[in-house]
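J.: coords please:
(2 chains)
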Amino acid sequence: MRGQEAREQAGRKAAMATLAQSGGDELARLWNEAGLPLEAELLRGPETGLVTVRGRIGGGGAPFNVGEATVTRATVRLPSGQVGHSYALGRDRQKAKLAAIADALWQDPAHRDVVETRVIAPLRTVLAEAHEKRRAETAATKVDFFTMVRGED
Amino acid sequence: MYVAVKGGEAAIANAHRLLADRRRGDRTVPALRLDQVVEQLALGVDRVMSEGSLYDRELAALAIVQARGDMIEAIFLIRAYRTTLPRFGYTRPADTAAMLIERRVSATYKDLPGGQLLGPTFDYTHRLLDPELAAGGDVAEPMQRATEAEPMPRVSAILAREGLIEADGDMPGEHVPGDITREPLQFPMARDVRLQALSRGDEGFLLALGYSTQRGYARNHPFVGEVRVGEVELELDVPELPFAVPLGAIRVTECQMVNQFKGSAKAPPQFTRGYGLVFGQSERKAMAMALCDRALRASELGEDVVAAAQDEEFIISHSDNVQATGFVEHLKLPHYVDFQAELDLVRRMRAEHDARENHRTGDEKREAAE
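T.: Numbers count the residues shown, from 1 in each chain, chains lettered A, B, ... in the order given. Below is the predicted model:
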């Protein structure tokens, strides 16, 4: 049971991570294509605020505050009762509301599959391709050292 | 005492209207869009985010346009804006070892794991103006190279294996990270608070101080152990969820400066370190921050404090360009009453001085005559 709960939480967190990183327009497009419901009661937000970003001294030492970042969040309740949350960097309120509905539907066993396959999976593909492209472009600038042979022998 | 004087309302309104006109400039030239600024003046946007201490590209772009490209004015606008927003909390510390790397170089190790990745850099360009950019031609797509993803440990982790370098900076067990946006500055500062102030500090000011250490004022023999630029993911603990909620990723620049240290009464000979971490791609700023961080650790490491770069109160009190510009620029606002009072005072002192002088020369004449 504990193992299943942990897996469920990991899956929900992974979906929230994908929603947070994705563009609001892309999310709205996939949402419409999947024909997913938009009805939800807003319990909080969408509202924009700040988080203070922390780093660590030397990279791995004690935490310190680097600066702030804008974050927009929303909390919704579906007609079926599920409550969903969203948090993401930036100020996209429409995306915050949709992502909160997505989180709420994800928790509903009847809807999880369609949210995963029609929304989260395509978003994840877009993000993975963008990451892979970025990595390949950076890799092309890797320095290959070679030794110059000097002298006669 | 302040005396209120009213006036200039129409002049101010018209001046701001004129400002809006001059900001827009020639109407036959297309107006700048914010996405153009975000995409094409990205490093300026990064500087405004770093010194404005607010990560939001579109807002920084708006500030730059509103400020007509005056970076310190843009930073001021961002600082003012952030005071209007509620605070949701402190993120978990970002893990720079897990960064999606866009650039990573080390000046100390040629063959470090993950390699030297030059990324989009001005280094090795010839600094010749490019007329093709003025003509606005097409730009080639970047090259790609397929590689296996490999870990890129921070260079400090590699050096640490030999035991010749100090550890990442730790604070005493119960230490809660200080926050200069919540508590007034107090000296001496803990290193974490100092780093927060340096990260939002003025790039030019920190650059000059870092440069001064290289020229011999508090020389500390720096090497760039590593500079890395890329995206780090952020997570926030919130009461409504049983796990830290992912927020997405921000681009940061990290600099690990490694400094030779011959030892002191407090510490054995070893490599010591200075650390820089700033929003966006800003290597100059991250390096300057790391140089200043190391110099400001003089007392901690038992070094003599002999130069400006080691003077914590001097540096941290003057590194914030919003505070600095506020105090310098307020001088141009009306000081009519202040000045009137000073004028009266100087007139009176001059009259007394002249009276004394007349008296003295009168005495001298009398003496000469006698």
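J.: need the helices for chain A, in chain order.
T.: Counting by DSSP state H, chain A has helices at residues A:2-21, A:24-34, A:93-106, A:109-115, A:121-139.
J.: gap between the fourth one and the chain center?
T.: Read that as helix A:109-115. Taking CA atoms, centre = their mean, to the nearest Å, one finds helix A:109-115 lying 18 Å from the centre of the chain it belongs to.
J.: swap in the second one?
T.: Mean-position distance between helix A:24-34 and its chain equals 15 Å (CA atoms, centre = their mean).
J.: And the longest one, by the same measure?
T.: Using CA atoms, centre = their mean, the distance from the centre of helix A:2-21 to the centre of the chain it belongs to is 11 Å.
J.: what's it in contact with?
T.: A:27, A:85-89, A:99, A:102-103, A:106-107, A:115-116, A:120, A:123-124, A:127, B:233, B:242-243, B:245-249 (CB atoms under 8 Å, 6 or more residues apart in numbering or on different chains). Any C-beta I mention is one placed from the backbone N, CA and C, and that applies to glycine too.
J.: can you dump the C-alpha coordinates of it into PDB?
T.: Provided in PDB are the C-alpha atoms of helix A:2-21 (Å, rounded to 0.1, in the frame of the first residue of the first chain):
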ATOM      1  CA  ARG A   2       2.800   2.400   1.000                       C
ATOM      2  CA  GLY A   3       4.600   1.500  -2.200                       C
ATOM      3  CA  GLN A   4       1.500   2.200  -4.300                       C
ATOM      4  CA  GLU A   5       0.900   5.500  -2.600                       C
ATOM      5  CA  ALA A   6       4.500   6.500  -3.200                       C
ATOM      6  CA  ARG A   7       4.200   5.500  -6.900                       C
ATOM      7  CA  GLU A   8       1.000   7.500  -7.200                       C
ATOM      8  CA  GLN A   9       2.600  10.600  -5.700                       C
ATOM      9  CA  ALA A  10       5.600  10.200  -8.000                       C
ATOM     10  CA  GLY A  11       3.300  10.000 -11.000                       C
ATOM     11  CA  ARG A  12       1.300  13.000  -9.900                       C
ATOM     12  CA  LYS A  13       4.400  15.000  -9.200                       C
ATOM     13  CA  ALA A  14       5.900  14.100 -12.600                       C
ATOM     14  CA  ALA A  15       2.700  15.200 -14.300                       C
ATOM     15  CA  MET A  16       2.800  18.500 -12.400                       C
ATOM     16  CA  ALA A  17       6.400  19.000 -13.500                       C
ATOM     17  CA  THR A  18       5.500  18.500 -17.100                       C
ATOM     18  CA  LEU A  19       2.600  21.000 -16.800                       C
ATOM     19  CA  ALA A  20       4.800  23.500 -15.000                       C
ATOM     20  CA  GLN A  21       7.400  23.400 -17.800                       C
END
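J.: tell me the mean pLDDT over that helix?
T.: Taken as a whole, helix A:2-21 carries a mean pLDDT of 92.
J.: ok so, going back, in a markdown table, list the helices of chain A along with mean neighbour count and distance to residue B:237.
T.: Shown next, in a markdown table, are the helices of chain A (neighbours: other CB atoms under 10 Å in any protein chain shown; distance: least, CB to CB, whole Å):
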| stretch | mean neighbour count | distance to residue B:237 |
| --- | --- | --- |
| helix A:2-21 | 16 | 12 |
| helix A:24-34 | 15 | 24 |
| helix A:93-106 | 24 | 17 |
| helix A:109-115 | 14 | 25 |
| helix A:121-139 | 15 | 24 |
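J.: Switch these over to a markdown table; also include distance to residue A:41.
T.: Putting the helices of chain A into a markdown table (distance: least, CB to CB, whole Å) gives the following:
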| stretch | distance to residue A:41 |
| --- | --- |
| helix A:2-21 | 19 |
| helix A:24-34 | 18 |
| helix A:93-106 | 10 |
| helix A:109-115 | 17 |
| helix A:121-139 | 25 |
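J.: ok, now which ones touch residue A:114?
T.: A:34, A:36 are the contacts of residue A:114 under CB under 8 Å, 6+ apart.
J.: and the gap between it and residue A:35?
T.: 9 Å (CB to CB, to the nearest Å).
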